[in-house]
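Chemist: coords below, sequence missing:
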C-alpha cells in the first residue's frame, strides 16, 4: 500500500520522522494490519491551524496514495508535549475532502 504521511509543522525542527519511516517499512505499530507500506509523500500540516492539511491529503491521493496517515505528533503530543488542538478539525476536513474510499490512519508509532 502507498501512503502519504502528514505531520505537525511545529515538530519538524526536532523530529526527522525516522520512526514514522521505520514502522512503515517494517509494517509495525499502526501498520500491523496493512503490513509494510511505501511512503510516497511526507508533508507537514502547513502550520497552525492546519488548514492546508486536507488539500495536501487530496493532492497525495491524486498522486497515488491509497491511504493518508497522520503522524503520531499530531494527536499524541510527541515530541513537544503538546497535542494539536486542531487535530479533530484537521482529520474531519481530510475525511470530508477525501470521502469514504480513502483509508485514514490517525497515528504512526505512538498510540494515542
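Modeler: Arrived safely, thanks for sending. Just so you know, these numbers come straight off a predicted model, no measurement behind them.
Chemist: Name the residue closest to the centre of the protein, please.
Modeler: Nearest residue to the geometric centre of the chain (CA atoms, centre = their mean): residue 70, 2.0 Å.
Chemist: So it versus residue 59, what's the distance?
Modeler: According to CB to CB, to the nearest Å, residue 70 and residue 59 sit 15 Å apart. Where you see a C-beta, it was placed from the backbone N, CA and C, and this is true even at glycine.
Chemist: Was I right to think residue 56 contacts residue 9?
Modeler: No - contact between residue 56 and residue 9 fails when scored by CB atoms under 8 Å: they sit 11.0 Å apart.
Chemist: Common neighbours of those two, please.
Modeler: Common contact partners of residue 56 and residue 9 (CB atoms under 8 Å, 6 or more residues apart in numbering): 45-46.
Chemist: Tell me which other helices or strands the helix or strand of the chain with the lowest mean pLDDT touches.
Modeler: Lowest by mean pLDDT, DSSP states H and E among the helices and strands of the chain is helix 72-76, with a mean of 90. Using 3 or more CB pairs under 8 Å, 6 or more residues apart in numbering; DSSP states H and E, the elements in contact with helix 72-76 are strand 2-7, helix 87-98.
Chemist: Pull out the buried residues from the next helix or strand after the longest one.
Modeler: For helix 87-98, the following helix or strand on the C-terminal side (DSSP states H and E) is strand 103-105. Buried positions in strand 103-105, judged by neighbour count with 16 or more other CB atoms under 10 Å: residue 105.
Chemist: what's next to strand 103-105, contact-wise?
Modeler: For strand 103-105, the surrounding residues in contact (CB under 8 Å, 6+ apart) are 3, 30-31, 66-70, 91, 94-95, 98.
Chemist: quick one: which of these is nearest to residue 110?
Modeler: The closest of those to residue 110 turns out to be residue 30 (CB to CB; 9.2 Å).
Chemist: which other helices and strands contact the helix or strand harbouring residue 42?
Modeler: Secondary structure assignment for residue 42, by DSSP H and E: strand 38-44. Contacts defined by 3+ CB pairs under 8 Å, 6+ apart place strand 38-44 against strand 2-7, helix 18-26, helix 53-62.
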